[in-house]
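**Q** sequence and predicted structure are below.
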Amino acid sequence: DGGITQSPKYLFRKEGQNVTLSCEQNLNHDAMYWYRQDPGQGLRLIYYSQIVNDFQKGDIAEGYSVSREKKESFPLTVTSAQKNPTAFYLCASRERSLYGYTFGSGTRLTVV
Amino acid sequence: AQKVTQAQTEISVVEKEDVTLDCVYETRDTTYYLFWYKQPPSGELVFLIRRNSFDEQNEISGRYSWNFQKSTSSFNFTITASQVVDSAVYFCALSAPSGGYQKVTFGTGTKLQVIP
């Protein structure tokens, strides 16, 4: 079945460490997105990519980095510069602009 | 700027009751798209519907229906005869040119609890 796979589901990180969240899709979608979800704040866009080897900052890109070397993959690195990284991270893709997103099941990151 | 407001933070209903989730949006664009997503406890958001600004027809899909009114900038979602499986967080979202179509703006969500 086609879909988006995010791994791991739960991730614990020590302060000062970088960590990479995986996002893989087999939907052949061009565009991929990373959102952060905090309680009571809805979803906020971190980064997005419309084609391979190109990506754009979203509303809260500071402290994060991404790469898009393959159409299927859009990993997100949470760096030590991100001051409040504990959150639920959602990856999404869509076939074309204005279509609905397909979301992954998310990664819950906790800094300990 | 574009904004989506879901004023209802949490709603509890008894099974088989009807429930309406409110969504009010703001945008200066005349062409835009509105969405509803469902987030069950598993965490994955599920796409429910997309509506463009030129189509004000109400939509019905089984027990779900959506009421789009441009005059009041609202896109409300009604679940008829609610079921326990409807328990989830529901998000309304907006995509418009001035915000960059790639930057979908989400509301803060409404948590629906259906009590058996």
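**A** Okay, I see it.
**Q** burial count for A:Ser80?
**A** A:Ser80 is flanked by 15 other residues according to other CB atoms under 10 Å in any protein chain shown. Glycine gets a C-beta too; all of them are placed from N, C-alpha and C.
**Q** who are the neighbours in contact with the closest residue to chain B within chain A?
**A** Checking chain A residue by residue against chain B with CB to the nearest CB singles out A:Gly100 as nearest, at 3.6 Å. By CB atoms under 8 Å, 6 or more residues apart in numbering or on different chains, the residues touching A:Gly100 are A:94, B:35, B:37, B:47, B:49-50.
**Q** between those, which has the most around it?
**A** Looking at those with neighbours defined as other CB under 10 Å, the largest count falls to B:Tyr37 at 25 neighbours.
**Q** hmm, B:Glu44 and that residue touching each other?
**A** No. Under the criterion of CB atoms under 8 Å, B:Tyr37 is not in contact with B:Glu44, lying 9.8 Å apart.
**Q** what sits in contact with each of these two?
**A** Residues within reach of B:Tyr37 and of B:Glu44 at once, by CB under 8 Å, 6+ apart, are A:Phe103.
**Q** quick check: the farthest pair among the contacts of A:Gly100?
**A** Every pair in these was compared (CB to CB); the two farthest apart turn out to be A:Arg94 and B:Ile49, at 14.6 Å.
**Q** run through the residues of chain B sitting next to chain A.
**A** In this structure, chain B approaches chain A at residues B:4, B:9, B:33, B:35, B:37, B:42-47, B:49-50, B:52, B:91, B:95, B:101-104, B:106-109, judged by CB under 8 Å from any CB of the partner chain.
**Q** could you rerun that using 7 Å?
**A** With CB under 7 Å from any CB of the partner chain as the criterion, chain B comes near chain A at residues B:33, B:35, B:42-45, B:47, B:50, B:91, B:95, B:101-103, B:106-109.
**Q** now, of these, which are buried?
**A** Restricting the residues of chain B next to chain A to buried positions leaves B:33, B:35, B:43-45, B:47, B:50, B:91, B:95, B:102-103, B:106-109, with burial counted as 16 or more other CB atoms under 10 Å in any protein chain shown.
**Q** now B:Glu44: how far from B:Ser74?
**A** Counting by CB to CB, to the nearest Å, the gap from B:Glu44 to B:Ser74 is 27 Å.
**Q** I meant to write B:Ala96 there.
**A** For B:Ala96, the distance to B:Ser74 - CB to CB - is 16 Å.
**Q** now do the contacts for residue 92.
**A** Chain wasn't specified; assuming chain A. With contact taken as CB atoms under 7 Å, 6 or more residues apart in numbering or on different chains, A:Ala92 is in contact with A:33, A:35, A:101-103.
**Q** should've been chain B
**A** The contact partners of B:Cys92, taken as CB under 7 Å, 6+ apart, are B:4, B:6, B:23, B:34, B:36, B:75, B:107.
**Q** mind redoing it with 10 Å?
**A** In this structure, B:Cys92 makes contact with A:42, B:4-6, B:21-25, B:34-37, B:48, B:66, B:74-77, B:105-110, judged by CB atoms under 10 Å, 6 or more residues apart in numbering or on different chains.
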